[in-house]
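> let me see the structure of the following:
(one chain, ligands or ions: 1)
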Amino acid sequence: MKRNKLKLLFILLGFFCLAAGYPGTWREKKSEHFIVYFTQDEKFAQDVLDAAEKDYRRIAYDLGYARYSEFWTWDKRVKIYIFADRDAFLKATGQPSWSEGMADYTNKEIVSYAWGKGFVESLLPHEIAHLVFRDFVGFKGYIPLWLDEGVAQWEEEAKRKEIKNLIQRYYDNDNLLLVSDIMKLNIEHLKGKQGVLIRATKTKDGKDGVLFLSANNLIEIYYLQSVSLIGYLIEKFGSQSFSAFCRELRDGKSVEEALKTAYPLHIRSIQEFETGWRKYLKAGA
Ligand SMILES: [Zn+2]
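Residues are numbered from 1 along each chain as shown. Next up is the predicted model:
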């Protein structure tokens, strides 16, 4: 059950581009870093605005971004569009029928409809994290999907415990992918693929092993492991080192080089990243 829920979440939070601005009669509410556009439920719009400010501060602090916060004030505020219902949202955006919302990095917009708790607890922190992270690493360097989605999922604070429990189960059962594999996997390529995929792994005892997975299994582990790797970096070494890591990425370094520079004593290779992360899981993080 939970797995299915999680999988659904990964699908729902897909990222799509869209044109800025939507026709129609919008009312608005403003705060320091956000403008919420809504048509009907004013109370919900206010809840979203309050939650967005709180999320923004927490996420910016967590990623070591706090002192750059003026980037999001005044005319650079993030716009959040809340359509009255799902039909209106789908019609205006042309999104596929399963979509619950989307974020646009370039225009700094989050677009969804008033669907309650999931909006405030999941979609909002997830998309705000994408936007903060993107502001921080810029558009020049290559940001792999595991890193982008890892950060966004990690900042869905309400889900963190559930995700940690799940990854722990995968660790206990020797079902995790190699970090080096995560770094080079092309998930888009795997979607809808039939048959059994074979991947190398390491067991808890450090022995070489093999995993037999369906494409869906593999994608699920990939997403889970992505959150866990980010959790490891932030919980173990703190926000300052994470922001140093982001700066290296922004300056065009590869992920491996950026890790080595930001964590010179602890991550001198992908191998060491793997070993350290596994120790963190072993300690029950
Ligand atoms: Zn995402």
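> so the one residue in the stretch 151-285 of the chain that gets nearest to the ion: helix, strand or coil?
The ion sits closest to Ala152 of the stretch 151-285 of the chain, with a gap of 4.2 Å, by C-beta to the ion. Every C-beta, even on glycine, is put in place using the N, C-alpha and C of the backbone. Of the three states, Ala152 takes helix under DSSP: H, G, I helix; E, B strand; the rest coil.
> and the strand or helix carrying Glu257, which residues are buried?
Assigned by DSSP states H and E, Glu257 belongs to helix 255-262. Neighbour-count burial for helix 255-262, counted by 16 or more other C-beta atoms under 10 Å, picks out 255, 258-260, 262.
> show me the contact partners of that helix.
Under the contact criterion C-beta atoms under 8 Å, 6 or more residues apart in numbering, helix 255-262 has outside partners 144, 147, 183, 241-242, 244-245, 247-249, 253, 267-270, 273.
> and after that helix, which helix or strand comes next?
helix 270-282.
> show me what that next one is packed up against.
helix 160-172, helix 179-184, helix 215-250, helix 255-262 (3 or more C-beta pairs under 8 Å, 6 or more residues apart in numbering; DSSP states H and E).
> buried ones in that helix, by neighbour count?
Going by neighbour count (16+ other C-beta under 10 Å), the buried part of helix 270-282 is 270, 272-278, 280-281.
> do stretch 216-233 as well
Buried-residue list, stretch 216-233, by 16+ other C-beta under 10 Å: 217-233.
> same question for stretch 117-132.
Per 16+ other C-beta under 10 Å, stretch 117-132 contains these buried residues: 119-132.
> how about stretch 183-195?
Applying 16+ other C-beta under 10 Å to stretch 183-195 flags 183, 185, 187, 190 as buried.
> can you name the residues of the stretch 151-285 of the chain sitting close to the ion?
Proximity of the stretch 151-285 of the chain to the ion, by C-beta under 5 Å from the ion, involves residues Ala152.
> residue ranges with poor pLDDT in the stretch 151-285 of the chain?
Along the stretch 151-285 of the chain, segments meeting pLDDT under 70 span 285.
> any idea how this protein splits into domains?
13-137, 146-282 (automatic domain parsing).
> how far away from the center of its chain is the first one?
With C-alpha atoms, centre = their mean, to the nearest Å as the basis, domain 13-137 stands 14 Å off its chain's centre.
> and if you look at stretch 143-155?
With C-alpha atoms, centre = their mean, you get 4 Å for stretch 143-155.
> can you check stretch 211-220 too?
The answer for stretch 211-220 is 20 Å, by C-alpha atoms, centre = their mean.
> grab the most central residue of the protein for me.
In the chain, the residue lying closest to the centroid (C-alpha atoms, centre = their mean) is Ala152, at 1.8 Å.
> show me what contacts that residue?
13, 126-127, 129-130, 133.
> if we can go back for a sec, and of the helices and strands packed on helix 270-282, who's closest to Pro23?
Closest approach to Pro23 among these is made by helix 215-250 (35.3 Å; C-beta to C-beta).
> what's the angle between that closest one and helix 255-262?
Between helix 215-250 and helix 255-262, the angle comes out at 50 degrees (axes from the mean of the first three to the mean of the last three C-alpha atoms, to 10 degrees).
> so Phe38 makes contact with Thr25?
No: applying C-beta atoms under 8 Å, one finds Phe38 not in contact with Thr25, separated by 10.5 Å.
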